[in-house]
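> Have a look at this prediction, sequence included:
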Amino acid sequence: MSLGARLFVFFVYLLLGLSFLAVPAVLVWEFGLDRAMDFATFDSHLFLFFPTLGLVALAAFYLPSCAFVDMYWRHVTLGPIRFLVGLAVLAAAAVHIASGLAANPHRSVWDIEPATLAADKSQPAGCGGEARPCERIALIDGIANLREVSQRRLGVREFYRACQAEPLIEPDAAEEARRFCFASTPLSATPRLSNDTECCQAQRRYQTAIDTYYQDPTQQSITGRVHKLLLPGKVFFLFILLAISVMLTFRHSGVKRHYPDRVSRIELCVLVGAAAMIFFPLMSQGYVQSADALFGVQQKGGFRSIVTMMSFLFGAWAMLLLLFSFRQHDQDLELAAKLAGVAASTIAVFKYDILVSIIVRYIGSGADEFSVLLLAALALIAVIVLLSPLARRIAVGSDTAA
């Protein structure tokens, strides 16, 4: 495997890794640690996944990527041209999709600069009691309340509101449960509970207030601008992993022929990377659950509109990786099938929505400082083991780990 291929991949992945760390670092610098935790846990698919499990995936796919680049550059007909054209297509697609996501008119609270958020108050002034409910709560309080409630419960799906009338079913007011509304009610021991109509109106006002502030460029946060600038890199990273998985699957014989002494380690790295990446769709679904509880299920568009399809694509992507990893090990296919059956049965028993609720509680909007630090520590250990031959020898207990 050539030094040039390894240096090229290292340089590209280093830039991606730095971009993964840059956005949460700016978030903490701009808003302070306590407020940044509220925002980071709410958008955990952005602020927690990429600087932890995203780095693990980068480290895991480093060797497979080097093999992919080296093989195309040295062993594939017209490989350099095909490689560069493919890379350009992926980069252009990443910029296009990132531009579409960034153009979403509905923004997050952290897109607004700290001074504006500090000055924002619940409306009308002095509201919050039973006698005078709020039309919408202060933006900061809505996010903080969601995190506090998420830490007490397993998910927040029970706070969803039916904001669109069902034309085929007659509404029954007697069956409508009054619930706490994050967008309108201060959190207390005995908070005022709202019906769906009241909360849906408050949710629309809450989102409208964010969008109105964002329309003034002077009230946009630095974090939001940095995120928008670096978003194409995150999309490009996902495309790169998909491309590597496809090519390693369909060019498995070439990998085995040209890099026979590295095939076992490439397979292990691919499986570790897949295990890390599977949390991205789960944390994205956790974000959608939290966002639906705060902003309302009627709020569509942007990233939330593609999460379901993205989860399906990640499932297909994982199957490609399993195909690459086990196709040459006939004796392992039965074990792999059994493990897949156990995993599928487990998901069926616990249900996908409960799994997402667990994600919300521990690495989503309900995450506390301990779970965030634990996630970061485990990710750091994984990156060190993946990239350091000495660490691999210690972890595996064999000289073959190098």
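Structure received. Numbers count the residues shown, from 1 in each chain.
> drop to CA atoms for contacts and neighbour counts, all remaining ones
Noted.
> Can you give me the first-to-last residue distance of stretch 180-192?
7 Å (CA to CA, to the nearest Å).
> Same check on stretch 242-262?
Stretch 242-262 end-to-end distance (CA to CA) = 21 Å.
> What residues of that stretch count as buried?
Within stretch 242-262, the residues that count as buried by 16 or more other CA atoms under 10 Å are 242-246, 248-249, 252, 255, 262.
> Mind checking the pLDDT average for that stretch?
For stretch 242-262, the mean per-residue pLDDT is 76.
> Next, the contact list for A177, please.
For A177, the contacting residues are N195, by CA atoms under 8 Å, 6 or more residues apart in numbering.
> Which helix or which strand is home to the closest residue to G155 other than its chain neighbours?
Of all residues not flanking G155 in the chain, S357 sits nearest, at 4.1 Å (CA to CA, 6 or more residues apart in numbering). Element membership of S357 [criterion: DSSP states H and E] is helix 352-363.
> Export that helix to PDB, keeping only CA atoms.
Output in PDB follows, covering the C-alpha atoms of helix 352-363 (Å, rounded to 0.1, in the frame of the first residue of the first chain):
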ATOM      1  CA  TYR A 352     -38.100   0.700  17.200                       C
ATOM      2  CA  ASP A 353     -39.800   3.600  18.800                       C
ATOM      3  CA  ILE A 354     -38.700   2.300  22.300                       C
ATOM      4  CA  LEU A 355     -35.200   2.000  21.000                       C
ATOM      5  CA  VAL A 356     -35.300   5.600  19.800                       C
ATOM      6  CA  SER A 357     -36.700   6.700  23.200                       C
ATOM      7  CA  ILE A 358     -33.700   5.000  24.900                       C
ATOM      8  CA  ILE A 359     -31.400   7.000  22.600                       C
ATOM      9  CA  VAL A 360     -33.300  10.200  23.500                       C
ATOM     10  CA  ARG A 361     -32.900   9.500  27.200                       C
ATOM     11  CA  TYR A 362     -29.200   8.700  27.300                       C
ATOM     12  CA  ILE A 363     -27.500  10.300  24.200                       C
END
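> List the buried residues in that helix.
Using 16+ other CA under 10 Å as the test for burial, helix 352-363 gives 353, 355-363.
> same deal with stretch 142-156?
Within stretch 142-156, the residues scored as buried using 16+ other CA under 10 Å are 142-151, 154-156.
> So which of these are in helices?
Counted as lying in helices by DSSP state H, out of the buried residues of stretch 142-156, are 142-150.
> May I have the distance across stretch 158-177, first residue to last?
End-to-end distance for stretch 158-177: 10 Å, by CA to CA.
> Now do the buried residues in the helix or strand where I266 lies.
Element membership of I266, judged by DSSP H and E, is helix 263-277. Of the residues in helix 263-277, 263, 265-274, 276-277 count as buried by neighbour count, 16+ other CA under 10 Å.
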